[in-house]
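Chemist: here's my sequence, what's the structure:
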Amino acid sequence: MARHGVAETLIGACVLVVALGFLAYAIAHSGRTAGSGYTLLAQFDHIDGLANGADVRIAGVKVGTVTNEKIDPKTFMAIVSLTVQDNIQLPKDSGAAITSESLLGGKYISLSPGGDSTNLKPGQMITITQSSISLEELLGKFIFSVTSLNSQKAGQPAGNAGQGGAGQPAPGAPATPQPAKPK
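Modeler: Alright, predicted model coming up:
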């Protein structure tokens, strides 16, 4: 019985070593950086879906990370802190937009460098921003516009699709066919 206990202990130890190796590899190759670079701020109306640790990209290439999100108590706008690599110097008139990776993916900040001769300094605010676009809101607006367009084509005001009031057919709509009377 003592042999079974030693063999099981050795196998368990090997499994733990392999699991720790996978964990170390995953952390080393995750693409996350340890906050190197300088900090900039950006102010947005809303930041739906943007999370701490999200990428900051220029032309699709990761150049930084979102480090903090908070609300300005005076303007009720979202203030996002982000780090940008030290070797990337952004002009003062650069822009920041919150963009989706895909329909199902997360969000990131896309920076568009401007043409100003002076650069942003650490801690300064990016003033040209575009907030995140809510897919649910766009879909709702699209559905509403399609239904109102269909109602207008049928000569009905939006919201009363197919009803003339009190369950009556709309004016100009064909009457409901009556069953044929037996002879």
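Chemist: every contact and neighbour count from this point should use C-alpha atoms.
Modeler: OK.
Chemist: residue 120 contacts residue 86, doesn't it?
Modeler: No. Judged on CA atoms under 8 Å, residue 120 makes no contact with residue 86 at a distance of 11.7 Å.
Chemist: the more surrounded of these two?
Modeler: Just comparing residue 120 and residue 86: by other CA atoms under 10 Å the higher neighbour count belongs to residue 120, 16 against 13.
Chemist: ok, the more buried one - contacts?
Modeler: If a contact means CA atoms under 8 Å, 6 or more residues apart in numbering, then residue 120 has 89-92, 126 as its contacts.
Chemist: if you look at those, which of them are in strands?
Modeler: residue 126 (DSSP state E).
Chemist: nearest to residue 25, of the contacts of residue 120?
Modeler: Ranking the contacts of residue 120 by separation from residue 25, with CA to CA as the measure, puts residue 89 on top at 31.8 Å.
Chemist: separation between residue 110 and residue 42?
Modeler: According to CA to CA, to the nearest Å, residue 110 stands 12 Å off from residue 42.
Chemist: which residues are contacting the top strand by length along the chain?
Modeler: Within the chain, and with DSSP E defining each element, the longest strand by residue count is strand 61-71. Contacts to strand 61-71, defined as CA under 8 Å, 6+ apart, come from residues 33, 35, 37, 51-57, 77-85, 88.
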